[in-house]
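*Asks:* give me a model of this one.
(one chain, ligands or ions: 1)
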Amino acid sequence: TELTGVGGSAPGSRVLGAATPGGVQGAEPLAGVGLPGITEMILEKLSEFSKLSFVEDMYDNMFCSVAEYASHLWRLAPHPYHPYDVAGFLSGKFMTLVATTVAARRLDINDVQLIIQVQWCGVTVQMCIVRYSVIGILTSFLIVLLALVLVPYLRELLSTDHRPPIIGPITNQLIHFHKLHDYMTLMAKKYPTYRLITPSHSEVYTVDPVNTEYILKTNFANYGKGEYNVDIMSDLFGNGIFVVDGAKWSHQRKLASLEFSTKVLREFSSVIFKSNTAKLVKKISLLAASEESMDLQDLLMRSTLDAMFQVGFGFELDTLSGSNEAGNRFMEAFDASNGLVYWRFVDLLWKVKRYLNIGSEATLKEKIKIIDNFVYELIRNKREQMKNEERDKEDILSRFLMESEKDPENMTDKYLRDISLSFILAGKDTSANTMSWFFYVLCKQSRIQEKVAEEVKIATEANGNDHTSTDEFKIKLTEVALDKMHYLHATLTETLRLYPAIPLNGKCAEKDDVLPDGFKIKKGDYVGYMSYPMGRMTQIWGPDAEEFRPERWLQNGVFRPQSPFKLTAFQGGPRTCLGKEFAYRQMKIIAAFLIYFYKFKLVDESEEATYRTMFTLHMDKGLHLTPFVGFVFLYDV
Ligand code: HEM
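*Replies:* Predicted coordinates:
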């Protein structure tokens, strides 16, 4: 064979050993010590080789050196080694030894023709080629290539800062992508905090409420969206509130908080939620009359998009009726681009694909163009409208447009596009998905459906025998009536506990840190809190954690909230969901309307719903229900 040993070292003078676990591992504790490295020693030995009469002499010689070196390292180490580190260290040294010995036993050092040295991710891979031959050179390059791929993983995996449990490389998520949240739950049941590694950083996932509070609130300053997330999301969401940190975030947060606290927006949105839900009831009544089943998730997605669009842009999209061609195209493009952006989190080649404009990235670009054309047109129209018409518009875009007149330099059309799209994203799928799981559970547990219906009738004083129409119900469904619906509030909250609309979320560390449970975090690491698994942890919710039980939220019939770091569906801390109250109001209105007018049954009662892995917890195959006219005789809808 022409190929000889493969050795490796840490950068610069800290040449320590093979590009193997131990070589990398051993590099850490010696920072700055400046000892001669193993590879240097090996090469030195190799150069002496020609002077030795027997290969065995050299082997013994070198073994002594390595052992000596290891014990030296051991003494110098500033802290006791973890057994895990020691295993990595020794196996690395062992592999260096084997590789070099094999080479040394078969070769004459004078034959060495070329030493290849490649530095990658702070690790040096060295290799010597002894006699030129095509196979030798090809094999060498293949090994270098393999090392380039493996070294970063090994480096992350065996970094002295990492402690078990490391459950594997990030590709584990790709392997389990289909049932990602259940895989993460399974792991979390074994390890409340664990680490996945990538070539460039590691990802720490936790279900520990103390860790969650720490990253979301206590050490908020150190945990932002991070470059990694921004990179992935900014093509679609630009500088929208979901993507940005720092001053840009504060500006939008302040502006939006002001808007959300206004009575105008509250009243305007309630009117829209009610009139949109009345349209939904009408649509369902047609299906009920013809005893047709329906995909309620699809209807809810359309209905919430229409509502959010009206609240956000003051414009009727009317995707529920499906009659607006442009609206349908926008919805299709928006949904598709959401899924494509999420795919980037597991697609290691997305940047290459974007550069070459191929595959999923080419589709994403096309969809974003459709979205942009649609939204920019809306902004232009709105500006025109505002020049000619009254200026006390209630929708979010108009209010931001008025703001933009004070600060035209920063609040450009692009900025307005990003803000408005973020609100659509925030309010559309989250509420529709939550409602879908809510109705799914209510179909599985008719006792809960009946209890909610009973509460709605009592709170609205629409007793079910008075032939209430949707118009009359709208009037009866006052803010006071909504506030009385504690059981409904608890049922929605229980839905969010077990089926959180954003099942997995997290932040990136700006600086090295240590989590309250001792996990070390390096700058650039992702720290995720896992809302879906958290809802299933007995240490948080007790032995019945996996049971759907709205009563856990009630005390003497009154809803009692819990820590946002246990129920993380709306996140917690300074970046807590701005639309929480808004969303509860919308969901209660939809639930009250639908449950008042209909009873729902699953088309296939035996089927268990599953999710599609994406940003939000979307039901994979939709929610196919049969509506029955419920507690009132329905007319005049
Ligand atoms: C069931 C419904 C909803 C759920 C479960 C939900 C959940 C969340 C979560 C988890 C976040 C944190 C996202 C992150 O930073 O990564 C968030 C942020 C946000 N939500 Fe909601 N949301 C819902 C509905 C709404 C609605 C209806 C609106 C507004 C119309 C809204 C507006 C926002 C905004 C503006 C933020 C960004 C806050 C910030 O970064 O400072 N959300 N929401």
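
*Asks:* what residues are up against Gln445?
*Replies:* By C-beta atoms under 8 Å, 6 or more residues apart in numbering, the contact list for Gln445 reads Phe548. For glycine as for every other residue, the C-beta is placed from the backbone atoms N, C-alpha and C.

*Asks:* now it: how far from the ligand?
*Replies:* Distance, Gln445 to the ligand, using C-beta to the nearest ligand atom, to the nearest Å: 20 Å.

*Asks:* which bits of the chain sit near the ligand?
*Replies:* Listed as neighbours of the ligand in the chain under the rule C-beta under 6 Å from any ligand atom: 241-242, 253, 256, 423, 426-427, 430-431, 434, 501-502, 505, 569-571, 575, 577-579, 582-583.

*Asks:* repeat that for 5 Å
*Replies:* 241, 253, 426-427, 430-431, 434, 501-502, 505, 569-571, 575, 577-579, 582-583 (C-beta under 5 Å from any ligand atom).

*Asks:* and the helices in the stretch 251-400 of the chain?
*Replies:* Secondary structure of the stretch 251-400 of the chain, counting by DSSP state H, counting those that start in this stretch: helices at 263-289, 296-313, 325-343, 350-356, 359-388, 396-406.

*Asks:* the stretch 501-637 of the chain now?
*Replies:* Using DSSP H, counting those that start in this stretch, the helices assigned to the stretch 501-637 of the chain run over residues 531-534, 538-541, 580-597.

*Asks:* how about the ones you listed in TSV, adding mean pLDDT?
*Replies:* Output for the helices of the stretch 501-637 of the chain, formatted as TSV (pLDDT from 0 to 100):
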stretch	mean pLDDT
helix 531-534	98
helix 538-541	97
helix 580-597	95
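
*Asks:* now, of the ones you listed, which is deepest in the fold?
*Replies:* helix 531-534 (a mean of 26; mean count of other C-beta atoms under 10 Å).

*Asks:* now what about it, what contacts it?
*Replies:* By C-beta under 8 Å, 6+ apart, helix 531-534 touches 181, 184-185, 188-189, 207, 209, 212, 499-500, 502-505, 540, 566-569, 617.

*Asks:* ok and the residue in the stretch 101-250 of the chain nearest the ligand?
*Replies:* Nearest residue of the stretch 101-250 of the chain to the ligand: Ile241, at 4.8 Å (C-beta to the nearest ligand atom).

*Asks:* just give me the neighbour total for the residue lying closest to that residue once chain neighbours are set aside.
*Replies:* Counting by C-beta to C-beta, 6 or more residues apart in numbering, Ile241 lies nearest to Gln252, which is 4.4 Å off, once chain neighbours are set aside. Gln252 is flanked by 21 other residues according to other C-beta atoms under 10 Å.

*Asks:* in contact with Gln252, which residues?
*Replies:* Gln252 makes contact with 240-241, 244, 419 under the criterion C-beta under 8 Å, 6+ apart.

*Asks:* let me see the confidence value for it.
*Replies:* We have a pLDDT of 86 for Gln252.

*Asks:* can you flag which of the residues of the chain next to the ligand belong to strands?
*Replies:* Asn505 (DSSP state E).

*Asks:* now, of the residues of the chain next to the ligand, which are buried?
*Replies:* By neighbour count, with 16 or more other C-beta atoms under 10 Å, those hold 241, 426-427, 430-431, 434, 501-502, 505, 569-571, 575, 577-579, 582-583 as buried.

*Asks:* please name the nearest non-neighbouring residue to Asp365.
*Replies:* In this structure residue 365 is Lys, not Asp. Nearest non-adjacent residue to Lys365 (C-beta to C-beta, 6+ apart): Asn357, at 6.5 Å.

*Asks:* and that neighbour, how far from Ile143?
*Replies:* According to C-beta to C-beta, to the nearest Å, Asn357 and Ile143 sit 34 Å apart.

*Asks:* which of the two has more neighbours?
*Replies:* Each of Asn357 and Ile143 has its neighbours counted (other C-beta under 10 Å); Ile143 has more, 16 against 11.

*Asks:* secondary structure class for that one?
*Replies:* Secondary structure state of Ile143, per DSSP: H, G, I helix; E, B strand; the rest coil, is helix.

*Asks:* wait, Leu320 sits on Lys282?
*Replies:* No. Leu320 is beyond contact range of Lys282, at 9.4 Å (criterion: C-beta atoms under 8 Å).

*Asks:* so where is the chain shaky, pLDDT-wise?
*Replies:* 1-137, 139-140, 144, 147-164, 168, 199, 389-393, 464-467, 630-637 (pLDDT under 70).

*Asks:* which parts of stretch 602-615 are buried?
*Replies:* Those buried within stretch 602-615 under the rule 16+ other C-beta under 10 Å are 602, 609, 611, 613-615.

*Asks:* dump that stretch to PDB, keeping only the CA atoms.
*Replies:* Extracted C-alpha coordinates of stretch 602-615, given in PDB (Å, rounded to 0.1, in the frame of the first residue of the first chain):
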ATOM      1  CA  LEU A 602     -65.400  12.100  13.300                       C
ATOM      2  CA  VAL A 603     -66.100  10.500   9.900                       C
ATOM      3  CA  ASP A 604     -63.800   7.700  11.000                       C
ATOM      4  CA  GLU A 605     -64.000   7.400  14.800                       C
ATOM      5  CA  SER A 606     -61.300   4.800  15.000                       C
ATOM      6  CA  GLU A 607     -58.600   7.000  13.300                       C
ATOM      7  CA  GLU A 608     -56.000   8.700  15.400                       C
ATOM      8  CA  ALA A 609     -55.000  12.100  14.100                       C
ATOM      9  CA  THR A 610     -51.300  12.800  13.500                       C
ATOM     10  CA  TYR A 611     -49.400  16.000  12.700                       C
ATOM     11  CA  ARG A 612     -47.400  17.100   9.700                       C
ATOM     12  CA  THR A 613     -44.000  18.300  10.900                       C
ATOM     13  CA  MET A 614     -43.700  22.000  10.200                       C
ATOM     14  CA  PHE A 615     -43.600  25.300  12.200                       C
END
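
*Asks:* contacting residues for the closest residue to the ligand within the chain?
*Replies:* Closest residue of the chain to the ligand, C-beta to the nearest ligand atom: Gly579 (2.1 Å). Residues in contact with Gly579, defined by C-beta under 8 Å, 6+ apart, are 260, 423, 426-427.

*Asks:* re earlier: and the buried residues of stretch 602-615 as CSV, adding distance to Ile166?
*Replies:* Shown next, in CSV, are the buried residues of stretch 602-615 (distance: C-beta to C-beta, whole Å):
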residue, distance to Ile166
Leu602, 41
Ala609, 32
Tyr611, 26
Thr613, 22
Met614, 26
Phe615, 26
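
*Asks:* so Ala432 sits against Thr304, correct?
*Replies:* Yes. Ala432 lies in contact with Thr304 (C-beta under 8 Å); the separation is 4.4 Å.

*Asks:* ok, back up a step: ok, the residue of the chain closest to the ligand to Thr304 distance?
*Replies:* Distance from Gly579 to Thr304, by C-beta to C-beta: 12 Å.

*Asks:* shared neighbours, those two?
*Replies:* Common neighbours of Gly579 and Thr304 (C-beta under 8 Å, 6+ apart) are Gly427.

*Asks:* contact partners for the nearest residue to Ile370 once chain neighbours are set aside?
*Replies:* The shortest distance from Ile370 to any non-neighbouring residue, by C-beta to C-beta, 6+ apart, is to Ala333 (4.0 Å). Applying C-beta under 8 Å, 6+ apart to Ala333 gives the contacts 367-368, 370-371, 374.

*Asks:* roughly how far is stretch 331-340 from the heart of the chain?
*Replies:* Centre-to-centre, stretch 331-340 and its host chain are 17 Å apart (C-alpha atoms, centre = their mean, to the nearest Å).

*Asks:* buried sites along that stretch?
*Replies:* 331, 333-340.

*Asks:* do stretch 440-450 as well
*Replies:* Under the neighbour-count rule (16+ other C-beta under 10 Å), stretch 440-450 has 440-443, 448-449 buried.
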